[in-house]
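# From the sequence below, what's the structure:
(one chain, ligands or ions: 3)
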Amino acid sequence: VPQLRKDPILARRVIIATQRAKRPSHFGSRGNADPATSCPFCENNEDMTPPEILAYRPSGSSAQQAGWTLRVVPNKFPAVTREEDFAPYTEGMYQYASSVGAHEVIIETPRHETNMAALGEGEVAGVLSAYRERVLALKEDRRFRSVLIFKNHGPEAGATIEHTHSQLIALPIVPVNVSEELKGARHHYETYERCVYCDLVRHEASTKTRLVSEHDAFVVLCPFAPRFPFETWILPKKHSAYFEHISQREIVDLAATLRETLGLLNRTLREPPLNYVIHSMPLHEAQTAHYHWHIEIMPKLTQIAGFELGTGFYINPLPPERATALLRAHMI
Ligand SMILES: [Zn+2]
Ligand SMILES: [Zn+2]
Ligand SMILES: [Zn+2]
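Numbering: from 1, shown residues only. Ligands and ions are numbered 1, 2, ... in the order given. Below is the predicted model:
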């Protein structure tokens with residue numbers, strides 16, 4: 001059983017999950033195997049994954065069979081497990097808990113596509129609908145306090161399967177990156193009585209120096225203090241704390257926005273490995289005026305090295321204003 005351990009000095013959490021070490025790699029370059037027989041995410045290989053939790057099957061086909069356009073399955077090598085209760089234990093001065101949670105994989109297409117930008121707008125919209133649907137379902141489980149949706153694309157970014165997919169992890173705690181954003185956002189709200197993300201969207205949309213693109217409901221920008229070269233954020237223009245409250249119309253607009261942004265990064269950086277995460281309000285919070293959900297896209301171009309590990313701050317060789325200009329130059 002994976003363990004959630006708490007560092008006694010920083011209250012920082014780590015998950016100890018020995019199962020994860022057994023993950024095989026499914027990158028073509030490593031095995032050169034034919035995806036039709038070896039890729040667990042390709043159509044007709046449904047028996048290579050655990051049984052599906054959710055599937056879009058316009059063909060009316062039955063579960064675990066071909067005929068789907070999207071599937072969500074439990075991660076075969078989970079970092080957290082759903083069976084456990086969140087029971088805290090102590091060992092002398094230390095605290096840990098069995099790592100209760102859900103770890104799911106969203107298989108974005110039945111075809112062996114290796115880049116999300118190769119999907120059609122309708123397919124990307126389907127992926128976003130599946131995100132929303134799964135968060136709403138996991139919200140029913142009162143043990144969970146947060147759901148993180150993320151993508152690892154490319155082996156350098158932590159993916160072990162090249163077939164395009166994303167993941168989500170539901171946790172009984174609020175992860176530190178989100179709680180630090182919440183703290184900063186609450187401070188801004190208490191000082192100015194405004195959402196800091198709304199302020200940021202307004203500022204960037206009017207000055208335009210870091211504005212990559214603007215759509216009906218979303219803006220794409222390079223943040224003022226990015227950790228990584230070409231770090232790019234997508235934010236809803238209208239204030240909204242919970243990703244899962246996104247409307248169908250906004251999903252369609254976000255699909256176009258996300259697909260265009262991934263295409264821009266691909267053209268500018270020749271299909272870089274990347275991660276993205278969706279930061280959203282922890283589940284069941286009453287006050288939502290200060291926090292604003294968003295997507296952070298982080299191409300993996302630099303290594304986290306000694307300085308970053310030792311200080312917790314980042315050296316980024318590329319100013320975001322320059323990254324914005326380069327991305328904009330690749331707009332079709
Ligand atoms: Zn495949
Ligand atoms: Zn806001
Ligand atoms: Zn964030």
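
# ends of stretch 299-313, how far apart?
Stretch 299-313 has its terminal residues 17 Å apart, counting by CA to CA, to the nearest Å.

# List the buried residues in that stretch.
Residues 299-301 are the ones in stretch 299-313 that count as buried (16 or more other CB atoms under 10 Å). No exception for glycine: its C-beta is placed from N, CA and C like everyone else's.

# Could you point out which of these is nearest to ligand 2?
Distance ranking of the buried residues of stretch 299-313 against ligand 2, using CB to the ion, places residue 299 first at 25.5 Å.

# doesn't residue 229 make contact with the closest one?
Yes - counting by CB atoms under 8 Å, residue 299 does reach residue 229; the two are 7.0 Å apart.

# ok, back up a step: let me have the buried residues of stretch 299-313 in a markdown table, adding distance to residue 39 as columns.
Converted to a markdown table, these look like this (distance: CB to CB, whole Å):
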| residue | distance to residue 39 |
| --- | --- |
| 299 | 24 |
| 300 | 22 |
| 301 | 27 |
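
# Among these, which lie within strands?
Among the buried residues of stretch 299-313, the ones falling in strands (DSSP state E) are residue 299.

# out of the buried residues of stretch 299-313, which one sits closest to residue 40?
Nearest to residue 40 among the buried residues of stretch 299-313 is residue 300, at 23.4 Å by CB to CB.

# Contacts only, for that closest one.
With contact set as CB atoms under 8 Å, 6 or more residues apart in numbering, residue 300 has these partners: 154, 156-157, 228, 272-275.

# buried subset of those?
Burial by neighbour count, 16+ other CB under 10 Å: within the contacts of residue 300 this picks out 154, 157, 228, 272-275.

# Looking at these, which is nearest ligand 1?
residue 154 (15.1 Å).

# Quick check, the closest one in contact with residue 270.
No - under the criterion of CB under 8 Å, residue 154 is not in contact with residue 270, lying 11.6 Å apart.

# Those residues of the stretch 201-332 of the chain touching ligand 2, which are they?
Proximity of the stretch 201-332 of the chain to ligand 2 is confined to 239, 292 under the rule CB under 5 Å from the ion.

# Lowest-scoring secondary structure element of the chain by mean pLDDT?
For the chain, counting by mean pLDDT, DSSP states H and E, helix 28-31 ranks last in confidence among helices and strands (a mean of 51).

# element containing the spatially closest residue to residue 88 that is not a sequence neighbour?
Closest residue to residue 88 in three dimensions, ignoring its sequence neighbours and counting by CB to CB, 6 or more residues apart in numbering: residue 97, at 4.7 Å. Element membership for residue 97 (DSSP states H and E) is strand 94-98.

# Alpha carbons only: can I get the helix or strand following that strand in CSV?
Elements were assigned by DSSP H and E; along the chain past strand 94-98, the next helix or strand is strand 102-107. C-alpha atoms of strand 102-107 as CSV (Å, rounded to 0.1, in the frame of the first residue of the first chain):
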residue,chain,number,x,y,z
ALA,A,102,-7.7,7.8,-7.1
HIS,A,103,-5.2,7.6,-9.9
GLU,A,104,-6.9,7.5,-13.3
VAL,A,105,-5.7,7.6,-16.9
ILE,A,106,-7.6,9.4,-19.6
ILE,A,107,-6.9,7.7,-23.0
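
# Sheet partners, orientation included, of strand 102-107?
If you go by DSSP bridges, strand 102-107 pairs up with strand 70-74 (antiparallel), strand 165-171 (antiparallel).

# Touching the shortest one from outside, list them.
The reference is to strand 70-74. So strand 70-74 is in contact with 46, 49-56, 82, 102-109, 123, 126-127, 130, 134, going by CB under 8 Å, 6+ apart.

# At which residues are the helices of this structure located?
28-31, 35-38, 121-139, 176-192, 196-207, 248-269, 306-311, 320-329 (DSSP state H).

# Going by contacts, tell me the helices and strands next to the third one.
Helix 121-139 is packed against strand 54-56, strand 70-74, strand 102-107, strand 146-153, strand 165-171, helix 248-269, with contacts defined by 3 or more CB pairs under 8 Å, 6 or more residues apart in numbering; DSSP states H and E.
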